[in-house]
Structures are given as C-alpha cells and as structure tokens.
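> 3D model of this:
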Amino acid sequence: SRASLPTGHIKISVSRSSVFEDSFNQILNIPPQDLKRRLFISFKGEEGLDYGGLAREWFFLLSHEMLNPMYCLFEYASKNNYSLQINPASPINPHHLTYFKFVGRIIALALFHNKYIDKGFTLPFYKRILDK
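Residues are numbered from 1 along each chain as shown. Next up is the predicted model:
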C-alpha cells in the first residue's frame, strides 16, 4: 500500500513476484506532482532501508517487466535491432492506454530521479516523447 512518509517521501511497497502490478496500482494513484518527492521503495517481506539501492533495483526490475512482450505494449524494432518501439497490436490488451500512461510515468520518474531503465527505445520513439 502507498503511504506518504512524514519527511515528504513517497513510499512504494511491492512484491518481487508482482512488481509490475503492485507498482501500476500505486503509481497511478499518486498525484503526479507528488512523484517529484524522494521515493522510498520497499520489497514486501524484506527488510532494508532505501538509500538508493532499492530504488535502483526497483527501476531495473520494473522496466524489465513493463517492457515484457506479454503485455503487448512494445516490440523489437527488427530482428537485428533490439531497440523497442510501440507494438501496433497493443490494442489487443484492453488496458493498453492506461498501461502506456503508467509506462510514461515510470520513464519520467527515471529521468527525474536519475535512474536507469533496462531497455532502450527507437530514435522515432524518443523524438515523439520530445515532440521533435
């Protein structure tokens, strides 16, 4: 469950086995301006204080999962190019637009908090994000 910490942090608690679903349910319920606060990530059933390592691991695990072909959101650009692009068949997933909103928030969070995303996108994808 999500709770704001008294110090102005945002707490996100996820299970490793359902990192995508847990993160999705919490991130979309946090007002966007609050996502600029320091993130405090915890993994359910594990002890540990987040001095940056847990957040880094969360971004890595989550980005790897959200780009999973099972969600039908992204596909590889070609057999020889492992950059990702939006999957034209994404509407097969009835929640694809909400998932894209979530993915956008995660990419913005990673940029804002200077964290790494596991995969790269195609140049046209980045240009579209930048409105170029």
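
> for the residue nearest the centre of the chain, list the residues it contacts.
Most central in the chain under CA atoms, centre = their mean is I106, positioned 3.5 Å from the mean C-alpha point. Contacts for I106 (CB atoms under 8 Å, 6 or more residues apart in numbering) come out as 23, 27, 59, 62-63, 66, 117. C-betas here are computed from N, CA, C, even on glycine.

> right, and the pair among those residues with maximum separation?
I27 and I117 (14.5 Å; CB to CB).

> max-length helix in this protein?
helix 96-112 (DSSP state H).

> now the helices for this structure?
So, for the chain - with DSSP H - the helices run 19-27, 53-66, 96-112, 123-129.

> who's in contact with the second one?
For helix 53-66, the external contacting residues (CB under 8 Å, 6+ apart) are 12, 14, 16, 19-20, 23, 39-43, 48, 73, 99, 102-103, 106, 109-110, 113, 115-119.

> can I get it as CSV, trimmed to CA atoms?
What follows is helix 53-66, C-alpha atoms only, in CSV (Å, rounded to 0.1, in the frame of the first residue of the first chain):
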residue,chain,number,x,y,z
GLY,A,53,19.9,0.8,-3.9
LEU,A,54,16.4,-0.5,-3.6
ALA,A,55,15.0,2.3,-5.8
ARG,A,56,17.7,1.5,-8.4
GLU,A,57,16.7,-2.2,-8.2
TRP,A,58,13.0,-1.4,-8.4
PHE,A,59,13.5,0.7,-11.6
PHE,A,60,15.6,-2.1,-13.1
LEU,A,61,13.1,-4.9,-12.3
LEU,A,62,10.1,-2.8,-13.2
SER,A,63,11.4,-1.6,-16.5
HIS,A,64,12.4,-5.1,-17.4
GLU,A,65,8.9,-6.3,-16.6
MET,A,66,6.9,-3.4,-18.2
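
> ok so, going back, what angle separates the longest helix of the chain from helix 19-27?
Interaxial angle, helix 96-112 versus helix 19-27 (axes from the mean of the first three to the mean of the last three CA atoms, to 10 degrees): 80 degrees.
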